[in-house]
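starting from these lines, generate the structure:
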Amino acid sequence: MKKMKKTIAASFLILLFSVVLAACGTADQSKKGSGSAENQAQKETAYYVGMADTHTIEVKVDDQPVSFEFSDDFSDVLNKFSENDKVSITYFTNDKGQKEIKEIEKEK
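Prediction:
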């Protein structure tokens, strides 16, 4: 009977310890959420190169190629751009490290 109580107590402690560790992991992850610098909007001036595929454009920033992801919302706007048009891009970096366009417009 004593051995059974010890086994139950040990199992309970292991379960309790696991729950405490899981809760700590969840709290840490939530702190990284929307307040991180990566998710904040950034602005860049660049020269439009063209579409790399159906959801990616390439621009040049300081003569270096940079890719930006875009949603279908921007397709009509992007089709009006020509190579070497100067553009202003507002974007954020997603969880995969990709730059996603929030706004893009041709500079005058």
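
contacts only, for the residue positioned nearest the centre of the chain.
Ranked by distance to the mean C-alpha position of the chain (C-alpha atoms, centre = their mean), the top residue is residue 94 at 1.0 Å. Going by C-beta atoms under 8 Å, 6 or more residues apart in numbering, residue 94 touches 39, 69, 100. All C-beta atoms are positioned from the backbone trio N, CA, C, and that covers glycine.

these in strands, which ones?
Of the contacts of residue 94, the ones assigned to strands by DSSP state E are 69, 100.

min pLDDT across the contacts of residue 94, which one?
Lowest-confidence member of those: residue 39, scoring 71 (pLDDT).

isn't there a strand covering residue 77?
No. Per DSSP: H, G, I helix; E, B strand; the rest coil, residue 77 lies outside any strand segment and is helix.

residue 4: which element?
Following DSSP states H and E, one finds residue 4 within helix 2-32.

what does stretch 61-76 contact?
Against stretch 61-76 from outside (C-beta under 8 Å, 6+ apart): 44-46, 49, 52, 55-60, 78, 89, 91, 94, 98-101, 104.

what residue spans form the domains of this protein?
Here the chain is described, according to automatic domain parsing, as comprising the domains 1-32, 37-106.

quick revisit: only whichever of the contacts of stretch 61-76 are buried, select them in PyMOL.
Selecting only the buried entries of these in PyMOL, with 16 or more other C-beta atoms under 10 Å as the criterion:
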select buried, resi 46+49+57+59+78+89+91+99+101+104
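
can I get stretch 81-96 in PDB, CA atoms only?
Below are the C-alpha coordinates for stretch 81-96, written out as PDB (Å, rounded to 0.1, in the frame of the first residue of the first chain):
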ATOM      1  CA  PHE A  81       4.900  49.700 -62.800                       C
ATOM      2  CA  SER A  82       7.700  49.700 -65.300                       C
ATOM      3  CA  GLU A  83      11.300  48.600 -64.800                       C
ATOM      4  CA  ASN A  84      13.400  51.200 -62.900                       C
ATOM      5  CA  ASP A  85      10.400  53.100 -61.500                       C
ATOM      6  CA  LYS A  86      11.200  54.600 -58.200                       C
ATOM      7  CA  VAL A  87       8.800  53.200 -55.600                       C
ATOM      8  CA  SER A  88       8.100  53.600 -51.900                       C
ATOM      9  CA  ILE A  89       7.400  50.400 -50.000                       C
ATOM     10  CA  THR A  90       5.900  50.000 -46.600                       C
ATOM     11  CA  TYR A  91       6.400  46.400 -45.400                       C
ATOM     12  CA  PHE A  92       6.800  44.100 -42.400                       C
ATOM     13  CA  THR A  93       8.900  40.900 -41.900                       C
ATOM     14  CA  ASN A  94       6.700  37.900 -41.300                       C
ATOM     15  CA  ASP A  95       7.500  34.900 -39.100                       C
ATOM     16  CA  LYS A  96       9.300  33.100 -41.900                       C
END
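
fine, thanks again, bye for now.
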